[in-house]
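Trainee: here you go, sequence then predicted model.
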There are 4 protein chains.
Amino acid sequence: MFSQPPHPSELTNLEIDSLGEATFNSNYFRNEASYTPDDSRILCYTKSHDIELCKELNIAEPTFELAGPRAKLFFNPTEVTCAIVSCGGLCPGLNDVIRAITLTSLWQYKVKKVYGFRYGYAGLGANPPEAPIELDPKIVDDIHHKGGTILGSSRGPQPEKVMVETLLKYKVDILFVIGGDGTLAGGYDLANEIKSQNLPISVIGVPKTIDNDIYCCKRTFGYSTAVSEATKAIFAAHTEAKAAVNGVGLVKLMGRDSGFIAAGATLSNNDVNMCLLPEVPFELEGKGGLLEKLEKRLKFKNHAVIVVAEGAGQNLFGDQDKKKDASGNVLHQDIGLFLEQKIKDYFKSINTEMSIKYIDPSYTIRSCPANADDSGFCTLLGENAVHAAMAGKTNMFVGNWNESLTHVPLAMTFKKRKKLSKDGQVLRTILRTTINVAKEDIQ
Amino acid sequence: MFSQPPHPSELTNLEIDSLGEATFNSNYFRNEASYTPDDSRILCYTKSHDIELCKELNIAEPTFELAGPRAKLFFNPTEVTCAIVSCGGLCPGLNDVIRAITLTSLWQYKVKKVYGFRYGYAGLGANPPEAPIELDPKIVDDIHHKGGTILGSSRGPQPEKVMVETLLKYKVDILFVIGGDGTLAGGYDLANEIKSQNLPISVIGVPKTIDNDIYCCKRTFGYSTAVSEATKAIFAAHTEAKAAVNGVGLVKLMGRDSGFIAAGATLSNNDVNMCLLPEVPFELEGKGGLLEKLEKRLKFKNHAVIVVAEGAGQNLFGDQDKKKDASGNVLHQDIGLFLEQKIKDYFKSINTEMSIKYIDPSYTIRSCPANADDSGFCTLLGENAVHAAMAGKTNMFVGNWNESLTHVPLAMTFKKRKKLSKDGQVLRTILRTTINVAKEDIQ
Amino acid sequence: MFSQPPHPSELTNLEIDSLGEATFNSNYFRNEASYTPDDSRILCYTKSHDIELCKELNIAEPTFELAGPRAKLFFNPTEVTCAIVSCGGLCPGLNDVIRAITLTSLWQYKVKKVYGFRYGYAGLGANPPEAPIELDPKIVDDIHHKGGTILGSSRGPQPEKVMVETLLKYKVDILFVIGGDGTLAGGYDLANEIKSQNLPISVIGVPKTIDNDIYCCKRTFGYSTAVSEATKAIFAAHTEAKAAVNGVGLVKLMGRDSGFIAAGATLSNNDVNMCLLPEVPFELEGKGGLLEKLEKRLKFKNHAVIVVAEGAGQNLFGDQDKKKDASGNVLHQDIGLFLEQKIKDYFKSINTEMSIKYIDPSYTIRSCPANADDSGFCTLLGENAVHAAMAGKTNMFVGNWNESLTHVPLAMTFKKRKKLSKDGQVLRTILRTTINVAKEDIQ
Amino acid sequence: MFSQPPHPSELTNLEIDSLGEATFNSNYFRNEASYTPDDSRILCYTKSHDIELCKELNIAEPTFELAGPRAKLFFNPTEVTCAIVSCGGLCPGLNDVIRAITLTSLWQYKVKKVYGFRYGYAGLGANPPEAPIELDPKIVDDIHHKGGTILGSSRGPQPEKVMVETLLKYKVDILFVIGGDGTLAGGYDLANEIKSQNLPISVIGVPKTIDNDIYCCKRTFGYSTAVSEATKAIFAAHTEAKAAVNGVGLVKLMGRDSGFIAAGATLSNNDVNMCLLPEVPFELEGKGGLLEKLEKRLKFKNHAVIVVAEGAGQNLFGDQDKKKDASGNVLHQDIGLFLEQKIKDYFKSINTEMSIKYIDPSYTIRSCPANADDSGFCTLLGENAVHAAMAGKTNMFVGNWNESLTHVPLAMTFKKRKKLSKDGQVLRTILRTTINVAKEDIQ
């Protein structure tokens, strides 16, 4: 999937190299071939003008450390206890990652034990809903063909000190944390607490966000599957719209701050006439507003399909106190229901019969099994998370850049959310091929 | 799909044979082999006690007339103009039926022309949204692989006299009406108006109800597909439920008065713990009520999946004025949103953390293409509708009984709605294999 | 799926009632409501002329015993050990049946134990590949979402005496045998051996044949799924055919002696131009032969899709010694490869460029999970198999007739194979809507 | 999909910039915002050592020209006639590309006419199977939901001079050529013939190879879909293998010289135990050979799944004269059938009962509709092909590099085939996570 985030252009190697400090010393050496040299790097910037900029500033081009099995290990594998925790909302591929971490740990490294903590960070808290389970090849045998997470999940953090106690109680050497930016921030705090206690426990993140909005990470697992599933909802909306006089199909897709799913699905299902993204502010009323353009469209073609990302059009709401969910994310006003009502009202006001069908497929999208593309990606993520941990890396997540898996400091996740690049080929194609409702400043 | 309605036991041949009166005299004779004799009939009742009853009452067993091409025709095929109209909500298979009627008319009977009226009965009204289109093999070539209806649809009737005028304007000899019981009732009124004007225009119905609740008709097209699609929503609900502490997945499925889709989906996806049907009244509160049983279930297994048909639990609402939709159907209170809130409130009141995910997949279910089973069924329905019309039948619909296609008077659709048989194997299996919340009188 | 076998018209109640003799006496009585009375029966024949015939001959209409939980039980459930064995080729729904039997036994009847014998009758033989496993709710939890059989399978019988020894060794009271006619014949022999040894062991069959050709049984599980999957292969064939100059797509489908899958898939995917069935002999060469008609079709439309059941056209092969597989089934000559070559040769001989793509999707069809329709059906089959066994029935299989589940003596499976009725609506529609290559006697 | 080809490291800007020479002068200028500057470039090499190498050699880093709409146009859009031709084997996404080219031409550039030549280059030859059709929005309306190509296809070239005559006859200004390396080579010859005749006709390629083996092109459309479909065949093979005693499932996948599909499917469906790739030679017999390792696997787990790319193991065949297909590709010996026989023979020779199921899903894979990921990709490819043409580019294809669309000279396709990088993360993960049968030199 061509998701094309903008360049993380304010990064320098100084920041990215904070990774170096977080690495434990290597104690074990394996004398085998085909490992990835520890100084393998790939360029962060791939456009010439960035390179020029780098040269001008006389700095080396920022690069990411490449993932892969290392020759030198920090841990003695056969004495290691691993643990996995999955947090936040469901995302296709969670079980694939859990399986890949479990099997890589047990088969490639012959670790002693792999625990699965239950129901997110709550399972590491003082009163866990359930005790951790021990994962083995039999348990994870076919979980990659299923949606959800066999470990369960929950939202929200736990006190770091309590979590460290739990890790010590179960003698955990490596904790794999699968989750979104809230979860990874929690992992960052946990790794720092561990560091302050001078404990040799590694914390490795695997970024999980169906929204695909992790900074410094070209792609997150589940996103490709989400786009596939989203196109089915659009298909339904299109079918419903075409069957009615002045039929409008309205589909709300996930995307709190970034419109990757909505954009990807629009590109993939060319039946979308309007695509509303958080990156592209729009007006509802007045000349050039959505309602006027929708009216024009219905006159032209008798039906229309609108895709709206959940974070789009937030400017249309007043400044009420914003609510937050248990993970601390601002709860957006429901733009889907809002648009449905506004559109109904508008056409009633101009005495035009019409029919709108609103589809919100969220749970169906996020709970399905990973598609082939995501499934293979998860295999790589899970395996390389274990390689990183065994080599003594910590306080980092397994990212990817230009089709290579990378090591990225957890500190990077605070920088900002990844968004659709405003001059990227994807967003530009959408602006050209759908009815453009963007305010002037982005056109 | 084993849908098992109760026996239409108050029927007698007198009623069913009203069909005879509605048949035009045959004017054309085709001297070819393998036609269905016009007196072929199949038994309505198939249980011995019915037979015994019939004998006791000294009446012949009621039977349905068998569908099939007839040797004698009323119309001279090459001079015939056919027309098709599709009404009401979308249903998988509409395009398959349209295609089968069109191709059978054009290829088997070489009729002059096939019109498709646009947007339901509105297309036959005084101010049609669009003029009818002429259907040909190219237009219908691959529509059977698509959901929706290429003709469009709408709800509600039109004055019969106006519709007759429209039929005369376009010189229509045969009108095929695809729709639910409201639509078929409209067809009945239309056929009677035609009769009173002594016009040789045939009205043939093809029953379309995703709810599968047409009386005297074992199965309606789209139902099998609906069950398949519904199981996907249940799958999502199950995945979400299992991933949370005390997770509940709640899925609302179509079924205004009859629970066929909910029952079929429950039987097909054995992850359902409670199945709430219009045929089985239940209580929410108190001992033995749904809430108490749900609490018990969560204590036992930590998660639960509930399927509710839209017409279930209507006894739980007060006696407010009932609203109706444009087709005249009573609009039920939304039992899904109601249950979601009641369940949340209950667990809050007993201080138990829980998480409920509510899924309403209606549009996705009804707008998808027909599955293979329905697609084949639609081929038979469409073809036999044309055979019936050509033979001079009118005021009837193409039904089916025990895997044979039948002719049924449109008058039969007023008798009552088909419901799940309370002592049928399907309903009994559901009561045994899920948590039974039925009030005592059905257990 | 409308499969419409011909009527098993030579049956009398004498034969069907052989079931009575095979029933053990009931020892236990359950005082609960809603059981199926033991004399519930449904009519075998449903056409009026059959009824007339019956009356004329002064015989009662043949009926099947209805399945369902009985009030009187032969076995004391809590002391019972059940066992399941699955035999022959894979078929969608095997795991659904295994799950339903296991859960009904354990939850509804609280039986002591449920064994699963491994790899077909071989698992009951003297040198089983593996020992039986004990089935519990955890093992069967989600197997209904998977294809194949968790027990494994194999072809061919084992000596009855040896199998009885194995049953005694594991103290098995009830053996559920899931398989095709060879397997059910083996069950028949086994039940007779048990009877001759005067042992209280029940043998209950669940008919499994993707071909849907079990006599006295309207439908077998897996058939609906097979048709769905088959339409995908036809879709591919159609796409390939249309993309080439004189493109021909040829799809071979299962159906050793009966063309149900080929017929069902043809009806469901109206892109098929020729459908070759075992029930409809055809000629290849000469006037009116397949090759001439194919040539004509290509001149008309530039592409063609042919579906051939594996048992079709066997008349075209010489009288070589027929080989048999391990189950004793005659191995047919490969009609698919044969046709592919003959068609290539023919068009070469008339100097016409063409392109043929041959698809044989067998393994993909039979190994996929059951669709929703089959899955629900399997739930009913498995549950009712347990009800029958507990009531003391033996030497029978769970069949179905006109949407009701029935008890049928295993002896019935020898009568003959079910085939497509030559005057049924399904076959007649196919003959009318595809290019008819039937020899004169069936047209 | 992470396909990770090796770096095209012998390229220099000299070669890539041959594109410059092939560009027509721009005659028209559009004064609008947000166009891609014509000197936008992205780096070819993304590993630091490449950069070092470049610096050392004192050459600028090779870059690809970025695709996108240009401000200056060569053609006056409203006077332009476009034409599209699709060649070679089917590939998911062909119709998506045809649709995107057609709609971009008609809607964004308002061109006069878009032709579709029928059945590949044959449609441009002296005796076309059919005349070209004119494409419009109605014809291409929903073709992106279908497999195949509405234009038809064929293999093999036509004389360039004849093709130029055809282009002149239909007054074609721009020809879009969708096809694999043979087709693109034909496009190269055609563009050169056009140049030698000094004609202002642009030839723009869109690379189509399900094998994903076009050099200088990270990804080709259809590949992601092919991997998805391939995993279904592997799933069937796994199910069959597990159901039998010593069951082996063998799946042959496309991949003439490069194992991308086999590798991607193996990574995506972790049930594969052996993955045989053209890039990794292996031995069959003897110690460390495939047969010995398979025997060991069956002793360990009783079943095995083998995936083999069609181009793998060609070293195992003798040096018979190699046949070629109409496109000039060497026809490989059938490694699938070969392995099936060798494996059967081996286990017979060691007296071990086993069962092998061979699946060759090729046609099903290549004829299905594009998945969401490919569909969106095709939208970008088709749109940018038109932008390139309008700007006066010719003798180039629309490639992509690191998630950006690029312009690449057709001359680049002769360089060599893209293959899996031997030290890439994908191939290395496969070697680590499946049974490695590679000869020593790659381990």
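Mentor: Yep, that arrived.
Trainee: which positions in the stretch 201-350 of chain A make contact with chain D?
Mentor: A:218, A:224, A:227-228, A:230-231, A:235, A:264-265, A:267-270 (C-beta under 8 Å from any C-beta of the partner chain). The way it works is simple: take the backbone N, C-alpha and C, and place the C-beta from them, glycine included.
Trainee: nearest to C:N212 among these?
Mentor: Proximity of those to C:N212 (C-beta to C-beta) peaks at A:F235, which lies at 32.1 Å.
Trainee: pLDDT at the closest one, what is it?
Mentor: Here, the pLDDT recorded for A:F235 equals 96.
Trainee: burial count for it?
Mentor: 23 (other C-beta atoms under 10 Å in any protein chain shown).
Trainee: so what's it closest to, chain neighbours aside?
Mentor: Of all residues not flanking A:F235 in the chain, A:N269 sits nearest, at 6.5 Å (C-beta to C-beta, 6 or more residues apart in numbering or on different chains).
Trainee: tell me the contacts of that neighbour?
Mentor: Contacts here follow C-beta atoms under 8 Å, 6 or more residues apart in numbering or on different chains; on that basis A:N269 touches A:231, A:234-235, A:238, D:372, D:375.
Trainee: give me the nearest residue to A:L94, chain neighbours excluded.
Mentor: Nearest non-adjacent residue to A:L94, counting by C-beta to C-beta, 6+ apart: A:T149, 4.0 Å away.
Trainee: nearest to B:I139 among the contacts of A:N269?
Mentor: The closest of these to B:I139 turns out to be A:H238 (C-beta to C-beta; 18.5 Å).
Trainee: show me the shaky parts of the stretch 301-443 of chain A.
Mentor: Along the stretch 301-443 of chain A, the parts satisfying pLDDT under 70 run over A:319-331, A:440-443.
Trainee: gap between the closest residue to chain B within the stretch 301-443 of chain A and D:S349?
Mentor: Taking C-beta to the nearest C-beta, chain B has its nearest neighbour within the stretch 301-443 of chain A at A:S367, 4.0 Å off. Using C-beta to C-beta, to the nearest Å, A:S367 is found at 49 Å from D:S349.
Trainee: now do the helices in the stretch 101-250 of chain A.
Mentor: A:160-169, A:181-196, A:223-243 (DSSP state H, counting those that start in this stretch).
Trainee: other residues contacting the shortest one?
Mentor: By C-beta under 8 Å, 6+ apart, the surrounding residues in contact with helix A:160-169 are A:83, A:117, A:121, A:124-126, A:128, A:175, A:189-190, A:192-194, A:197, A:199, A:201.
Trainee: could you list which residues are in contact with the residue nearest to A:C368 when sequence neighbours are not counted?
Mentor: Using C-beta to C-beta, 6+ apart and skipping residues adjacent in sequence, the residue nearest A:C368 is A:G147, 4.8 Å away. Neighbouring residues of A:G147 by C-beta under 8 Å, 6+ apart: A:90, A:92, A:95, A:367-369, B:235-236, B:239.
Trainee: who has more neighbours out of A:S367 and D:S349?
Mentor: The neighbour count for A:S367 versus D:S349, taken as other C-beta under 10 Å, is higher for A:S367 (30 against 9).
Trainee: residue with max distance from the center of chain A?
Mentor: For chain A, the residue at maximal distance from the C-alpha centroid (C-alpha atoms, centre = their mean) is A:N351, at 43.4 Å.
Trainee: pretty sure it sits in a strand.
Mentor: No: looking at A:N351 with DSSP: H, G, I helix; E, B strand; the rest coil, it is coil, so not inside a strand.
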